[in-house]
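Engineer: requesting a structural model of the entry that follows:
(chains A, B, C and D)
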There are 4 protein chains.
Amino acid sequence: MARPKDDPAVLAEAYRRVRGATEALCAPLTTEDHVVQAMPDASPPKWHLAHTTWFFDTFILDGATAPDPAYAYLFNSYYQGVGPQFPRAHRGTLSRPTVAEVRAWRERVDAEILERMASGRFEARGLELIELGLHHEQQHQELLVVDLKSALLLNPMDTPIVACPAAPDASPPEGFVDVQGGLVEVGHGGSGFAFDNEGPRHRTFLEDYRLARSLVTNREYVAFVEDGGYRRPELWLSDGWYEVQAQGWEAPLYWERQDGGGWIERTLGGRRALPLHAPVTHVSTFEADAFARWRGARLPTEFEWEHAAARAQPARDGTFLEDGALHPEGRATGAHGEFNHLLGEVWEHTASAYRPYPGFVAPEGAVGEYNGKFMNAQYVLRGGSAATPRDHVRLTYRNFFYPDKRWVFTGIRLAETA
Amino acid sequence: MARPKDDPAVLAEAYRRVRGATEALCAPLTTEDHVVQAMPDASPPKWHLAHTTWFFDTFILDGATAPDPAYAYLFNSYYQGVGPQFPRAHRGTLSRPTVAEVRAWRERVDAEILERMASGRFEARGLELIELGLHHEQQHQELLVVDLKSALLLNPMDTPIVACPAAPDASPPEGFVDVQGGLVEVGHGGSGFAFDNEGPRHRTFLEDYRLARSLVTNREYVAFVEDGGYRRPELWLSDGWYEVQAQGWEAPLYWERQDGGGWIERTLGGRRALPLHAPVTHVSTFEADAFARWRGARLPTEFEWEHAAARAQPARDGTFLEDGALHPEGRATGAHGEFNHLLGEVWEHTASAYRPYPGFVAPEGAVGEYNGKFMNAQYVLRGGSAATPRDHVRLTYRNFFYPDKRWVFTGIRLAETA
Amino acid sequence: MARPKDDPAVLAEAYRRVRGATEALCAPLTTEDHVVQAMPDASPPKWHLAHTTWFFDTFILDGATAPDPAYAYLFNSYYQGVGPQFPRAHRGTLSRPTVAEVRAWRERVDAEILERMASGRFEARGLELIELGLHHEQQHQELLVVDLKSALLLNPMDTPIVACPAAPDASPPEGFVDVQGGLVEVGHGGSGFAFDNEGPRHRTFLEDYRLARSLVTNREYVAFVEDGGYRRPELWLSDGWYEVQAQGWEAPLYWERQDGGGWIERTLGGRRALPLHAPVTHVSTFEADAFARWRGARLPTEFEWEHAAARAQPARDGTFLEDGALHPEGRATGAHGEFNHLLGEVWEHTASAYRPYPGFVAPEGAVGEYNGKFMNAQYVLRGGSAATPRDHVRLTYRNFFYPDKRWVFTGIRLAETA
Amino acid sequence: MARPKDDPAVLAEAYRRVRGATEALCAPLTTEDHVVQAMPDASPPKWHLAHTTWFFDTFILDGATAPDPAYAYLFNSYYQGVGPQFPRAHRGTLSRPTVAEVRAWRERVDAEILERMASGRFEARGLELIELGLHHEQQHQELLVVDLKSALLLNPMDTPIVACPAAPDASPPEGFVDVQGGLVEVGHGGSGFAFDNEGPRHRTFLEDYRLARSLVTNREYVAFVEDGGYRRPELWLSDGWYEVQAQGWEAPLYWERQDGGGWIERTLGGRRALPLHAPVTHVSTFEADAFARWRGARLPTEFEWEHAAARAQPARDGTFLEDGALHPEGRATGAHGEFNHLLGEVWEHTASAYRPYPGFVAPEGAVGEYNGKFMNAQYVLRGGSAATPRDHVRLTYRNFFYPDKRWVFTGIRLAETA
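Structural biologist: Predicted coordinates:
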């Protein structure tokens, strides 16, 4: 199948679909929900709507469509090469432009892009940047969901905006799959789209290892909590133990201890009894690492993960063609070869620091700031979550967060040295 | 004229008028404007709408009207005796309840109060608390305006929501008025309404002094700025000099230095050339004190201010009867006896720490937290601003802020020792 | 008796005595003790030795004696008019100059001052500044003691460097003394030495009041603690309650709850059982205020205190003539008229904000920074402590601290409105 | 040659030598110098003297020798398994125990250890821990030097305590050495001593690469500074750019721009003109990374470094046998095979995050906290500095610091992808 950037008709179709998906995500929100920001890591939905539009306006349309010059400042996330940025922590203080004004801007940009596309006015580089802009927008679709969740759940009121799917009624398969190592190839090398940080494809050596068949469940994680996992420094990295103390962590984010025992989980569907057979989520790298140590196991490296996942399922390029059955609060997943819910249930923590691959060089210009400059102090997460658009999931995809972050849908798959 | 609390019909009329005035203030706002908070000192308009309603719900209706038990937590400002409070700095993270839900709550409370009032179901204490609630709401009307201003003006976009009145075209009268001191009486002692902190009325001794006929103008303040006022530590209190450095102050809040000289002032009516003959505003106590030192003068004490103001104009009790010609960005004021714009132009800084009057005892119960517990590290401001409802201005009124605060409409009237 | 500044021989004698007293305070210290600083509020003993010398060097000898130009920067406390200052919080990072080098500098300055004094080379202004320098040094003698205490007691090791006097074996007299108010004169007005902030002497009006005969004892304060005083927000000023939470206060500074009940007090003489009949000390203004509210009383204003103290005992000027029986951990005090231990037991908290007296103008030049610029957000303390040199105690003396400070020897005398 | 732990006589000799070397380092210090701490990262020399002794006391002598139980708390660095720790940031507030008391403790521990060793009372595990304790002490010897340097140089006074060796009078050789990659072995695997984090020895795959013959010199780094290196965000990692802004970095630590051009470097030998042909030092990982990007090169990975260094010089185990010609401010170094000053000039930044090797498991018990728990957010440095004892340098040694740290002797060797 043609890659979107190589076929304007396919790209136009993808453009309509991806842009529309962002709007669809906002359908259950009130105007007020669009404005709020719970913490500096998160952004208001309205900002996501505007920033993804700014991306097209800036990199494709040369900034020609913004109704106010302040937009260039307000909706630049972190591109120093483009200009200064309104402070991230204060995005929730902006009432203007209004939601309606942002939507009008989206429409204007969409019309302009689609019109130019239809009339063949983009060079190859332009089409490539549009494709990049769509993948960028898909990233923000997931962030929009988890950022919104952080704001709605900082509020003590229960505000269900989606209906949660039924929780699994049994534990997933247990145990580990033996994987043979050796000198293997990892990283993106195909003809499909990938972000710059997924390449170059290169060789790496892996010892034999074992990777858990399933994700760690809430039931297993409750056992860790009840065993004093959050009170035993010997289980934690030193920086992690510091966070436990400083943040007062006692359980994953959004868990509430129920009077009389048991746990409640807060979700976008409201409060509900913690589904014990579902994968644990909203845990940081520090928690994943401590849990693994408690279990006598460890987290896999990103290459162990990729090598096993590739074996379980042929690599797939993101192509914007599949319809995303997006459900932020869980998804019925099946098996991927020997592994259970490997792709797209929760982002899977790895033991790998987010650093450049051998031979990586960031692209020239402001677009080069997309990924490369963040290669410090963060960890790689692999796979994808129920909030990740289906066609945005890739075997070589490298998501990354600081190890104390918990607001994204993140989970744990254990590994062992063979 | 009957004091509202003593005449249910008068009180009901005042109730309708004051509650309606709050709504009227919000008329030019978008839904988004209702949600945002620029800084911990300020609250979103929606929160003001809800909190003033919470006050009636809690102290008059025993919390019976809130549609969700979380309201008691979300909209309690600082009353420890009532219960815990949602953190003030995070009020702008709340999208729920929505503006419409808050308005519906207001209507429900209003209906309930007015119905009970009409049917004579309140005891004297209840009527007294309703009257207090109205004065409380009037305080929040002014805060709503300045808080909103802080949010709209943190945004680089110009968003005029009112039309500014024409600026004065000439300097106000200059010079000082000689005032004779002696053993004088100060504080509230009449039969009209006053907050607890305005009494008891008591004797104090004043030496003879001189009080400026007019407020310091922007023109005079520009001279201070141009003379290096913000770069000369010898003009400042030590804590004030610390703020100058830490906050990078170079001029009053909302001033912008124009390319090519001159100053722009940002207002709720948008950017405009600084009106040189208008009183300077948005200055902190520290700045007022430094300006006075630079001029070889000083700030008046609160009693010097009250004694002179009483001489210029008979004391007036707040009675909710006059119609407020509220205009947050300036008001054409006339003379009050020998003094120019004495009441209701800008809040006037004094040299007096906000401390209890001799014999002051806070009322029993949670209402006793209204004023008394804040009597530390703040300064008294007197008079009133263009955003203060006309019938909320009193000669004995003690407003109070920390000396580094600038977001309220505050100004400077100088004094001299005779 | 001649005031020192008016008689060079008397001044020289005072100079030797005061400078020697500072050295004597350091006699029990190790070299290491001279270097350490527990917190930004405190300074190392070595710094006090150097700073008091810097004062003479700078204001009397024009900076001629410092062996290194860096001294002017290192030992300037806060005089912006003299030049920049080494950051206060980092004074404990300075190993150089060494203690021996600082002592050598002291000797050089002393020799120079005494030689010039003997040869009559000082004008009246010079003699006046030397007198000021001696009072300045006496202030630092007390700070040296409490600052050192804060460092020695941050250390878990018990390091007795003085022998504590026996604790009182009975409660002091109880009850209040009725004091008649009226239009009274307060402030320094005599011919003796006083700091600028003690004047001008002026009239103030006092209602009749009652002042406690004795200071609040540890026994009484234990009752407040045991009654939940530190857990009841209604007893506290709002800013005070914030400190209780933020600092985790549960008792006065240096108290340790003993296993099995009872309290230990840490002192410069080591750990000991809390002496129940001794005045409580190391309490902040916030704690004093909360205790008073708990008792249904209040703190006196500084003028109520001064007026009562003046009645009890004739005002006395500090003259450097009496020999100080300085003992930082308690002193056997007798009666002063109707009042028990009124002067020099512990500094007595007042309800008065530290603000300028009517007509106060700070002196010209850098010396004008001594007191005036700190007149914000602090409270006046009156009397003196066991660590205050005897001849440094004055009825008009205004000590001042921020209301959360506890490391100075501070205590509580209650007042009541008559 | 026998490894010390396997021959008590060799170990005793090493013990005397290493313990004596620590004392020798302190010889030029005043008592005051022993007490001070410039920042939370650093510790006072006295603390290092005590902590290294605590290590032997705790892990070998079961805590039997401390004269005060508080020592266990005061001198525990970070071993949660041993007990709580006095806050690191406040180590400079401790005047007690005194330097003399710490020295007396050292002597007592030394006597006890040597006596038991001589009388053959240690099992193999005991001898192994003693050997570990000596390597631990050698680490602290270097920290003692750089920590002291940070305190002496926070002080504006120039305090030379060593004589700097002459600076090189010519640039070192330029250019890169081609190194062939492949599947190589890295990590410690020999019979000599190594820290747990240096193993297990394992296979890793390297592409061919080029490693700079020499370290980056001050001359080259000045060119980066003069080219605006500290003002160009595109050269920096995002977290690094944040530090540049927050810390106000404009050049390496301890550089001062000279009036009239040129640079001064502050050293333990005092201020001197920056030696242009000497390797740049006191740069953070962020600065090293930005410099490399500016030069169109990159930092080597730790395995590229180790593989090249192993080729240049046979691996050497630390054996405590060579006499350390320790000079903290530079050392005349010669060639190591094709590379200039490869080992022991300055610690060389790498691109490698400090993470566990495949198969790494921290030892059981508190000693397991030595290295493993710090494997987050730090980077590996390789080689050694002029302040590293000669026999402490190893090809497999992994030093590690957070990427914003600059107080250690760190430098830059560039790499290129072949």
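Engineer: all helices for chain A, in order.
Structural biologist: Ranges of helices in chain A, per DSSP state H, are A:8-25, A:45-59, A:71-74, A:99-118, A:124-154, A:218-226, A:238-247, A:285-294, A:302-312.
Engineer: any idea of the pLDDT on A:Asp323?
Structural biologist: At A:Asp323, the pLDDT value in this model is 38.
Engineer: just A:Ala366 next, same as before
Structural biologist: pLDDT, A:Ala366: 89.
Engineer: give me the nearest residue to it, chain neighbours excluded.
Structural biologist: Nearest non-adjacent residue to A:Ala366, counting by CB to CB, 6 or more residues apart in numbering or on different chains: A:Gly81, 3.4 Å away. Placement of C-beta: from N, CA and C, glycine included.
Engineer: so how far is D:Ala290 from the closest residue in space to A:Thr58 that isn't next to it in sequence?
Structural biologist: Among residues not flanking A:Thr58 along the chain, A:Val82 sits closest, at 6.0 Å (CB to CB, 6+ apart). A:Val82 sits at a distance of 20 Å from D:Ala290 (criterion: CB to CB, to the nearest Å).
Engineer: between these two, who's got more neighbours?
Structural biologist: D:Ala290 (24 against 19; other CB atoms under 10 Å in any protein chain shown).
Engineer: tell me who's in contact with that one.
Structural biologist: D:224, D:229, D:235-237, D:240 (CB atoms under 8 Å, 6 or more residues apart in numbering or on different chains).
Engineer: again, only this time at 10 Å
Structural biologist: Taking CB atoms under 10 Å, 6 or more residues apart in numbering or on different chains, we find D:Ala290 in contact with D:224, D:229-230, D:232-237, D:240-241, D:244, D:283-284.
Engineer: show me those residues that map onto strands.
Structural biologist: Among the contacts of D:Ala290, DSSP state E puts none in strands.
Engineer: ok, which of the residues you listed also contact chain A?
Structural biologist: Residues of the contacts of D:Ala290 in contact with chain A (CB under 10 Å from any CB of the partner chain): D:232-237, D:240-241.
Engineer: now stretch A:122-130: buried residues?
Structural biologist: Applying a neighbour-count criterion of 16 or more other CB atoms under 10 Å in any protein chain shown, one finds A:122, A:126-130 buried in stretch A:122-130.
Engineer: what's the closest of these to chain C?
Structural biologist: Using CB to the nearest CB, A:Leu129 comes nearest to chain C of the buried residues of stretch A:122-130, at 49.5 Å.
Engineer: now the closest one: closest residue in space that isn't a chain neighbour?
Structural biologist: Excluding the flanking residues, the one nearest A:Leu129 by CB to CB, 6+ apart is A:Phe59, at 5.1 Å.
Engineer: residues near the one you found, how many?
Structural biologist: 20.
Engineer: that one against A:Ile113, yeah?
Structural biologist: No. Judged on CB atoms under 10 Å, A:Phe59 makes no contact with A:Ile113 at a distance of 11.2 Å.
Engineer: nearest to D:Cys164, out of the helices of chain A?
Structural biologist: In terms of CB to CB, the element of the helices of chain A nearest to D:Cys164 is helix A:238-247, at 36.1 Å.
Engineer: so is that closest one next to chain B?
Structural biologist: No. Figure legend: helix A:238-247 not in contact with chain B (CB under 10 Å from any CB); closest approach 15.2 Å.
Engineer: show me what contacts the closest residue to A:Gly240 other than its chain neighbours?
Structural biologist: Nearest residue to A:Gly240, sequence neighbours excluded (CB to CB, 6+ apart): A:Phe286, at 3.1 Å. Counting by CB under 10 Å, 6+ apart, A:Phe286 makes contact with A:236-237, A:239-244, A:249, A:349, A:379, A:402-406, D:376.
Engineer: next: A:His188.
Structural biologist: Here A:His188 is in contact with A:194-201, A:315, A:317, A:357, A:394-398 (criterion: CB under 10 Å, 6+ apart).
Engineer: where does the stretch 301-418 of chain A come near chain C, residue by residue?
Structural biologist: Proximity of the stretch 301-418 of chain A to chain C, by CB under 10 Å from any CB, involves no residues.
Engineer: which stretches of the stretch 301-418 of chain A have low pLDDT?
Structural biologist: A:313-326, A:331-333, A:335 (pLDDT under 70).
Engineer: burial count for the residue in it positioned nearest to chain B?
Structural biologist: In the stretch 301-418 of chain A, no residue comes nearer to chain B than A:Trp407, which is 13.2 Å away by CB to the nearest CB. Per other CB under 10 Å, the neighbour tally for A:Trp407 reads 20.
Engineer: wait, A:Arg108 touches A:Tyr71, no?
Structural biologist: No. The criterion here is CB under 10 Å, and A:Arg108 misses it with A:Tyr71 at 11.6 Å.
Engineer: looking at those two, which is more packed in?
Structural biologist: A:Tyr71 (24 against 17).
Engineer: on that earlier part again, pull the most distant pair out of the ones next to chain A among the contacts of D:Ala290.
Structural biologist: Among the ones next to chain A among the contacts of D:Ala290, D:Arg232 and D:Leu237 lie farthest apart (CB to CB), at 12.8 Å.
Engineer: quick one: neighbours of A:Asn376, just the number.
Structural biologist: Neighbours around A:Asn376, by other CB under 10 Å: 22.
Engineer: residues in contact with it?
Structural biologist: A:353-355, A:402, D:236-240, D:285-286, D:289, D:353, D:377, D:379, D:403-404.
Engineer: swap in A:Ala118?
Structural biologist: Counting by CB under 10 Å, 6+ apart, A:Ala118 touches A:8-9, A:12.
Engineer: for those, which one is nearest chain B?
Structural biologist: A:Ala12 (32.0 Å).
Engineer: okay, now the spatially closest residue to A:Thr267 that is not a sequence neighbour: neighbour count?
Structural biologist: Counting by CB to CB, 6+ apart, A:Thr267 lies nearest to A:Glu329, which is 4.8 Å off, once chain neighbours are set aside. Burial measure for A:Glu329: 24 neighbouring residues, criterion other CB under 10 Å.
Engineer: I appreciate the help and will end here.
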